[in-house]
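Q: Here's a sequence, model it:
(2 chains)
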2 protein chains.
Amino acid sequence: VNELAGLDTPFATVDLDAVERNIDAMQRYCDEHDLALRAHIKTHKLPEIAAMQLAAGATGLCCQKLGEAEMLFEHGVRADLLITFPLIGTRKAARFAELAAEGQVSVGADSEEVARELSAALAARGATAGFVVDCDTGFGRTGVQTPEEAARLAGLVDALPGLRFSGLMTHPTLPESGPWLRAARDLIAARGLTVERISGGGTPDALRSHEHGVLTELRVGNYVCGDRRTAAAGWMPVDDCALRVRSTVVSTPTSSRAILDAGSKTLSSDRGPEGSVDTCGLIVEYPDAVIHELSEEHGHVDVSACERPPKLGETVTIVPNHACATVNMHDEVALHRGGREVRIVPVAGRGLVR
Amino acid sequence: VNELAGLDTPFATVDLDAVERNIDAMQRYCDEHDLALRAHIKTHKLPEIAAMQLAAGATGLCCQKLGEAEMLFEHGVRADLLITFPLIGTRKAARFAELAAEGQVSVGADSEEVARELSAALAARGATAGFVVDCDTGFGRTGVQTPEEAARLAGLVDALPGLRFSGLMTHPTLPESGPWLRAARDLIAARGLTVERISGGGTPDALRSHEHGVLTELRVGNYVCGDRRTAAAGWMPVDDCALRVRSTVVSTPTSSRAILDAGSKTLSSDRGPEGSVDTCGLIVEYPDAVIHELSEEHGHVDVSACERPPKLGETVTIVPNHACATVNMHDEVALHRGGREVRIVPVAGRGLVR
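A: Got it, this is the predicted structure:
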């Protein structure tokens, strides 16, 4: 197809012009503040966009699961890869060692068990990989709990064969992250170890990363696509939200109700964090319409506030709530540039949960 | 692999012994009450289980999207298929006509526009298909709004080439559905048309379908797998929940916190309807543990109520909140029988949103 109108619905689309604007803006910010940009591919799961991020100046990429990293290597995307997920078990350790034998990879983890298991697999394979100590600076997910624990794990990692202590990471970067990471850095330096990298993450507060005064690297994913959440937070205008879903009005049972062919299996069930976005997506052409609920394949739209509601059979464009979740629902997306140069590509990283 | 323990995590598994118990119980109910059982494949999206449902006595299958029906045909599952979704647009009409030329299919829809478009495509292809009038008997999604509208649409459909008026459908079957459907049936009969089929749907109230006294068919999907919602509603014991997700504890940052390698991209973000299930899944081995939140790839578990919490590296078994949403996240599932005879199959219907 040459035009988006040639696509059947529902279809997820990604505007590469908007993607480029988003990539450039974030790269400019990082360059200005002397931060390395490590782009998280979990948002788009597309080797094409990963390559664009690298070409624009990203110093590396970030994967949430091992399978995503393998997918990048298989697609010829060679870059410094950080897997920000604790890899547990001998099977994953062996797969990680294979990647390490082929390219430059590191892992973010928080336990001696993971370090020892990966070290054994790397040593057996004769490979070397980086180990970034994952620090819980306040979010309450993974990560060592104190700067002292971070220093202890850094020391242990440094002594293990196959592993190189590569620095610290946290997610998201919170106001309290700065002092925490500085304390850890100083304790580790006192042990005679170099902290190459101090990596903070998360799109919402990305543009304040320099204010912490301690980060050397920014990990971000969502900035590249944008979504209803980022737009609602004032983070980017709707025009720059590159990911959209084209959907058709399949039923108009009453004058106030329109039903779309995009439900939770197309858009995902994600709503906004802390009630910031309490509906299920924004209809670009009908900002007064409210997608108030999703069935698996139906979007339930209240059109009572629309002066001229969408008609049966009409195609509309949805900005989904959460780009990372929406892309992952689709086997393929249509890349385009302002509606032209449409190219359908597989979502190569979709479903790679292991 | 011969055993589930041989699978890496996270991995979705389906116990065919439990599936058979669930299929048999629902078939018995339908046989007892002289209801045709039309099994909805949106829950499992697996031709293997569709074939089991037919072998046990289902008189037909139900698909939510056209692509699911095409998938069944491609996999050699031949059955009376009902697509319970309004098919809009000439592309979908042509695809539907292809199916109609190959086998016995019908569509559920609520508008003259859909009827005319499908009729034109069917006539052009020289094929015939059924048309079931979708009735909104109170749920407020798709469907004609009154018994009079139902009768009008039935009359119109009956006069169109290629289409055969095949009856009425509603979802879900509510207390008020019975009188509504009876009124529509009588109005249609008064026009001299036969109402072959009156089809109600939804697992939660499935076992009360006979009480309405008007249904001839039951459409159900979720009953075959079961999930945290159906178990919480007292609908089936957890033992009969056939779909599970095996997951590993990848981090234990504090004594009260465990992090799993299964997040919303593995389990889906679906919670319970109306707050009935306010957590993100049940850990079978640790019923006192609470999966209180999901990141995309992390399950956040509060283990403070566990006498003996799960250990780092331990594999646990999750009953997800919503089976239909969870299966759809996965490219493959492991079929097994009580943990043995493990067979990995692709989720053939996954992602078929068009």
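
Q: the longest strand in chain A is where?
A: Ranked by number of residues, the top strand in chain A under DSSP state E is strand A:243-254.

Q: Stretch A:102-119 near chain B anywhere?
A: Yes - remark: stretch A:102-119 sits within contact range of chain B at A:109-111, A:113-114, by C-beta under 8 Å from any C-beta of the partner chain. Using the backbone N, CA and C atoms, a C-beta is placed for each residue, glycine as well.

Q: how about that stretch as CSV, C-alpha atoms only?
A: Presented in CSV, the C-alpha positions along stretch A:102-119 are these (Å, rounded to 0.1, in the frame of the first residue of the first chain):
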residue,chain,number,x,y,z
GLU,A,102,29.6,-12.2,19.9
GLY,A,103,29.4,-8.6,21.0
GLN,A,104,29.6,-6.1,23.8
VAL,A,105,26.9,-6.8,26.4
SER,A,106,26.3,-6.1,30.0
VAL,A,107,23.6,-7.0,32.5
GLY,A,108,21.9,-5.0,35.3
ALA,A,109,21.3,-7.2,38.4
ASP,A,110,21.2,-7.0,42.1
SER,A,111,22.4,-10.3,43.6
GLU,A,112,25.4,-12.4,44.2
GLU,A,113,23.6,-15.4,42.8
VAL,A,114,23.1,-13.9,39.4
ALA,A,115,26.7,-12.6,39.3
ARG,A,116,28.1,-16.1,40.2
GLU,A,117,25.8,-17.9,37.7
LEU,A,118,26.7,-15.5,34.8
SER,A,119,30.4,-15.6,35.7
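
Q: mind listing what's buried in that stretch?
A: Going by neighbour count (16 or more other C-beta atoms under 10 Å in any protein chain shown), the buried part of stretch A:102-119 is A:103, A:105-111, A:113-115, A:117-119.

Q: Next: stretch A:184-195.
A: Buried, per 16+ other C-beta under 10 Å, within stretch A:184-195: A:184-185, A:187-188, A:193, A:195.

Q: Just name whatever secondary elements the host helix or strand of A:Met169 is in contact with.
A: If you go by DSSP states H and E, A:Met169 is part of strand A:163-170. Here strand A:163-170 touches strand A:105-109, helix A:112-125, strand A:129-135, helix A:147-158, helix A:177-190, strand A:197-201, going by 3 or more C-beta pairs under 8 Å, 6 or more residues apart in numbering or on different chains; DSSP states H and E.

Q: For the last one, which outside residues touch it?
A: The set of residues that contact strand A:197-201 without belonging to it, under C-beta atoms under 8 Å, 6 or more residues apart in numbering or on different chains, is A:36, A:38, A:40, A:62, A:82, A:84, A:132, A:166-173, A:177, A:181, A:185, A:209, A:212, A:214-220.

Q: Please pick the buried ones from those.
A: Using 16+ other C-beta under 10 Å as the threshold, A:36, A:38, A:40, A:62, A:82, A:84, A:132, A:166-173, A:177, A:181, A:185, A:209, A:212, A:214-220 are the buried ones among those.

Q: could you point out where the stretch 201-350 of chain A is predicted with low confidence?
A: Counting by pLDDT under 70, the stretch 201-350 of chain A contains low-confidence ranges at A:273-276.

Q: what does it put close to chain B?
A: Applying C-beta under 8 Å from any C-beta, we find that the stretch 201-350 of chain A lies next to chain B at A:248-254, A:257, A:259, A:261-262, A:264-266, A:268-270, A:295-298, A:300, A:312-313, A:324-325, A:328-331, A:350.

Q: Alright, I will stop here.
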